[in-house]
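[1] With the input below, show me the fold.
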Amino acid sequence: MADEPVLRVQTLVETGLSNVPSSYIQPPINRPNSSPNPPNSTNVPIIDLSNFDPNHLKHACIHWGAFQITNHGFPIRLLDEMRNLGMSFFEECTMEEKLKYGCDGKVAASEGYGSRMLVRDDSVLDWRDYFDHHTLPVSRRNPSKWPEFSTNYRGVVVEYSDQMNVLAMKLLGMISESLGLPTSSVEDAVGEVYQNITISYYPTCPQPKLTLGLQAHSDFGAITLLIQDDVGGLQVLKDGEWLTAHPVSDAIVVILADQVEIITNGQYKSAEHRAITNAHRARLSVATFHDPAKSKKIFPTEKLINKKNPARYKEVTYGDYVSAWYTKGPEGKRNVDALLLQQQDP
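    Down below sits the predicted model:
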């Protein structure tokens with residue numbers, strides 16, 4: 001029997017359905033609260049890079065694993081262009097045009113226009129469509145696989161990729177220094193960077209209390225830089241509570257991923273996060289992932305290990321880690337937790 005085609009969430013919404021199909025309904029324990037934290041409640045930390053305090057960075061990395069940066073030096077024009085082009089692809093291109101770049105999600109991290117994130121067919125589906133671009137190393141970069149509905153789309157993606165990589169490496173250096181390590185320590189531990197840019201489109205949802213735009217997970221790579229629109233919907237888990245990362249004008253959200261948690265021997269945490277849906281407005285975000293090569297071995301930095309702080313994580317080959325993540329499913333942080341070494345009592 002041939003595989004059934006993957007239905008795009010946007011196509012579902014355009015049929016005018018009033019009830020969410022069962023394959024998108026989250027089990028009760030995973031559903032978002034009916035009243036997420038109000039606008040004036042605690043936001044994820046905001047760090048002004050023009051007046052940088054390494055203690056603020058350290059606190060955010062220890063207690064949150066995520067923070068927003070302002071005055072970051074990234075061209076604001078480029079942030080706006082990327083958001084606008086992403087929204088144009090999803091809302092102005094015909095489905096025929098979009099499906100020219102379609103991927104079925106059966107291959108982990110396949111490039112193109114898709115809806116399904118996991119290889120498993122029995123997982124609850126996310127209320128999201130996306131377009132994933134392979135952007136670094138340059139040898140992976142093939143703009144012919146990207147949309148051409150706009151004359152500048154491919155050029156903007158290339159410029160955005162290069163600028164985001166510069167900022168990511170700057171942040172890894174700041175993270176290293178905040179731990180008392182040489183500036184290049186975390187970057188060297190990550191090695192050659194593999195970068196993907198994923199534009200996620202979350203259509204309006206008739207039953208947002210039953211669904212998630214993106215299920216709870218921690219990113220499996222090194223560091224993710226994300227921009228939102230003004231709709232909001234990104235949530236970070238802190239102390240057992242889901243807190244919304246309220247959009248801040250021109251800010252970039254920094255999300256530490258699992259390999260940085262391993263490299264820092266657990267001193268800094270990867271952020272468990274998710275995306276909720278909205279009944280009234282579609283939402284768009286752009287996430288730029290910076291990951292090690294599949295052959296790279298990741299392990300705690302030797303300078304962060306001593307008698308009082310023994311190694312907490314097993315060494316792992318990054319490609320094996322990614323395969324497990326896609327095959328088993330994210331389920332919060334269970335993949336990185338599986339690498340924890342059993343601690344002996346002194």
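[2] give me the low-pLDDT residue ranges for the chain?
    Where the chain drops to pLDDT under 70, the residues are 1-6, 34-42, 104-109, 118-121, 342-346.
[3] in the lengthiest helix in it, what's buried?
    Longest helix in the chain, counting residues (DSSP state H): helix 153-178. If you call a residue buried by 16 or more other CB atoms under 10 Å, then helix 153-178 has these buried ones: 153-154, 156-161, 163-165, 167-169, 171-178. In this view, the C-beta of every residue, glycine as well, is placed from N, C-alpha and C.
[4] Residue 186: what's it in contact with?
    172-173, 175-176, 222, 260, 263-264, 301 (CB atoms under 8 Å, 6 or more residues apart in numbering).
[5] does residue 70 have beta-bridge partners, and which?
    Counting by DSSP bridges, residue 70 is bridged to residue 48.
[6] tally of neighbours for it?
    Neighbour count for residue 70, taken as other CB atoms under 10 Å: 15.
[7] Contact partners for it?
    46-50, 248, 250-251.
[8] Farthest-apart pair in the residues you listed, please.
    50 and 248 (14.5 Å; CB to CB).
[9] circling back to that earlier point, what's the distance between the longest helix of the chain and the middle of its chain?
    Averaging C-alpha positions (CA atoms, centre = their mean, to the nearest Å) puts helix 153-178 15 Å from its chain's average.
[10] Please apply the same query to stretch 277-290.
    Distance of stretch 277-290 from the chain centroid (CA atoms, centre = their mean) equals 11 Å.
[11] Can you show me the helices along this structure?
    Taking DSSP H, the helices of the chain run over residues 9-14, 54-63, 76-92, 95-99, 153-178, 185-190, 258-263, 318-328, 334-337.
[12] To residue 277, which of the ones you listed lies closest?
    Among the helices of the chain, helix 9-14 comes nearest to residue 277, with 9.7 Å by CB to CB.
[13] could you dump that closest one to CSV, C-alpha only?
    Presented in CSV, the C-alpha positions along helix 9-14 are these (Å, rounded to 0.1, in the frame of the first residue of the first chain):
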residue,chain,number,x,y,z
VAL,A,9,-2.2,22.0,8.4
GLN,A,10,-3.0,25.1,6.4
THR,A,11,-5.0,23.0,4.0
LEU,A,12,-7.0,21.7,6.9
VAL,A,13,-7.8,25.1,8.1
GLU,A,14,-8.9,26.4,4.7
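[14] okay, residue 50 and residue 248: which has more neighbours?
    residue 248 (16 against 8).
[15] excluding its backbone neighbours, what's nearest that one?
    Using CB to CB, 6 or more residues apart in numbering and skipping the chain neighbours, the partner closest in space to residue 248 is residue 68 (5.4 Å).
[16] State the distance from that neighbour to residue 226.
    Separation of residue 68 from residue 226 (CB to CB, to the nearest Å): 9 Å.
[17] shared neighbours of these two, which are they?
    Common neighbours of residue 68 and residue 226 (CB under 8 Å, 6+ apart) are 252-254.
[18] Highest neighbour count among those?
    residue 254 (28 neighbours).
[19] and that one, what does it touch?
    66-69, 171, 223-226.
[20] for these, which one is nearest residue 88?
    For the contacts of residue 254, the nearest to residue 88 is residue 226 (19.4 Å; CB to CB).
[21] Please look at that closest one and residue 284 and confirm they touch.
    No - when contacts are counted by CB atoms under 8 Å, residue 226 is not listed as touching residue 284 (11.2 Å).
[22] now the strands: where do they sit in the protein?
    Along the chain, the segments classed as strands by DSSP state E run 46-48, 66-70, 112-114, 129-136, 194-202, 214-217, 223-228, 234-238, 241-244, 252-256, 273-275, 283-291, 297-298, 316-317.
[23] Of all the ones you listed, which one comes closest to residue 57?
    Nearest to residue 57, of these and by CB to CB, is strand 46-48 at 6.1 Å.
[24] tell me which strands and helices the closest one is in contact with?
    helix 54-63, strand 66-70 (3 or more CB pairs under 8 Å, 6 or more residues apart in numbering; DSSP states H and E).
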